[in-house]
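Trainee: Any chance you can model this:
(one chain, ligands or ions: 1)
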Amino acid sequence: MTTQSINRPPEKHVKVLDGQGWIGLIETMGSEVTAVNAARVSFGKMRTEMNDKDVTLLKYLIQHRHTSPLEHIQFTFVVHCPLFIRSQWHRHRTWKYNEISRRYTSIDMEFYNPTQIRQQAESDRQASVSQDDASWNGENSKIIADFNQQAFEVYEQLLENGVAREQARGVLPQNMMTTFWATVDLSNLLHFLDLRDDAHAQWEIRQYAQAIKSLIKDEFPTIAEVAGWE
Ligand SMILES: Cc1cc2nc3c(=O)[nH]c(=O)nc-3n(C[C@H](O)[C@H](O)[C@H](O)COP(=O)(O)OP(=O)(O)OC[C@H]3O[C@@H](n4cnc5c(N)ncnc54)[C@H](O)[C@@H]3O)c2cc1C
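Mentor: Okay, here's the model as predicted:
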């Protein structure tokens, strides 16, 4: 039996944020036939494999938001992302979370250094605009990377001085990477994907939402088709 760091992606994972972040699939409970069987419990019948009628029924359930049969399918992901994406993610109350604690450990600390910097959109306070100016991009990317490094050095200095990890972590920036486990049922996952792989969502969290689709679409082909995943 071996112990390993949760800051390493599991075998089944997708990298995002230029390779600085990733999301892995730890476990799946159920398959498409699980939802179909749950829907048919009312009739006291179940099947072990999908047939054409089952595909039609599953499509009907999704299109008409018959959510309870979908709740019998569950996924556990491990997410490695910056703190500001963690905050957005954890607004989704229907998920269950456990996260690495910087009260307990100061190992494997990493910071997100964005390479493509976006400009603030003028018309929409929550939006950003891509910027082609390489020198503007490079200058601002460097400011962020330098600050990440300085903040880490201050943190290390505080630890060296004997300051408790739980207080020293206050100097660490939003770009610090964190890792958490996140478990959700299929119905609430589809809701999350609607909201977070959308033009109104921030580019970084969209990357994770798209990665989730690519992690599960092969095992959930009917759902991928109905939901229009590419
Ligand atoms: C583009 C975008 C911008 C956002 N901007 C902001 C922002 O500026 N500030 C901010 O604070 N948040 C912001 N949010 C977060 C947003 O308000 C929601 O908190 C987040 O998207 C989670 O959605 P949800 O509540 O539907 O999901 P979940 O919490 O997963 O809930 C799923 C569904 O379950 C039901 N539900 C869950 N809990 C309850 C409950 N306690 N009572 C009743 N029904 C419940 C609701 O029907 C809900 O839609 C933003 C979200 C998006 C996508």
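
Trainee: any residues touching the one helix or strand in the chain whose mean pLDDT sits lowest, and which ones?
Mentor: Scoring the helices and strands of the chain by mean pLDDT, DSSP states H and E places strand 128-129 at the bottom, with a mean of 80. Applying CB atoms under 8 Å, 6 or more residues apart in numbering, the set of residues contacting strand 128-129 from outside is 118-121, 202-203. No exception for glycine: its C-beta is placed from N, CA and C like everyone else's.

Trainee: That one pairs with which strands?
Mentor: strand 119-120 (antiparallel) (DSSP bridges).

Trainee: Could I get the contacting residues of the residue most central in space within the chain?
Mentor: For the chain, the residue nearest the mean C-alpha position is residue 208 (4.5 Å; CA atoms, centre = their mean). Contacts for residue 208 were tallied using CB under 8 Å, 6+ apart; they are 16, 21, 23, 79, 81, 85, 89, 196.

Trainee: Tell me where the chain is predicted with low confidence.
Mentor: For the chain, the stretches flagged by pLDDT under 70 are 1-2, 4, 106.

Trainee: helix or strand right after the longest helix that the chain contains?
Mentor: The single longest helix within the chain, with elements called by DSSP state H, is helix 134-160. Where DSSP states H and E defines the elements, the next helix or strand beyond helix 134-160 is helix 165-168.

Trainee: Name the residues of that next one that come out as buried.
Mentor: Using 16 or more other CB atoms under 10 Å as the test for burial, helix 165-168 gives residue 168.

Trainee: any idea how far residue 150 is from residue 105?
Mentor: 22 Å (CB to CB, to the nearest Å).

Trainee: likewise residue 141?
Mentor: Counting by CB to CB, the gap from residue 141 to residue 105 is 29 Å.

Trainee: do the same with residue 201
Mentor: 30 Å.
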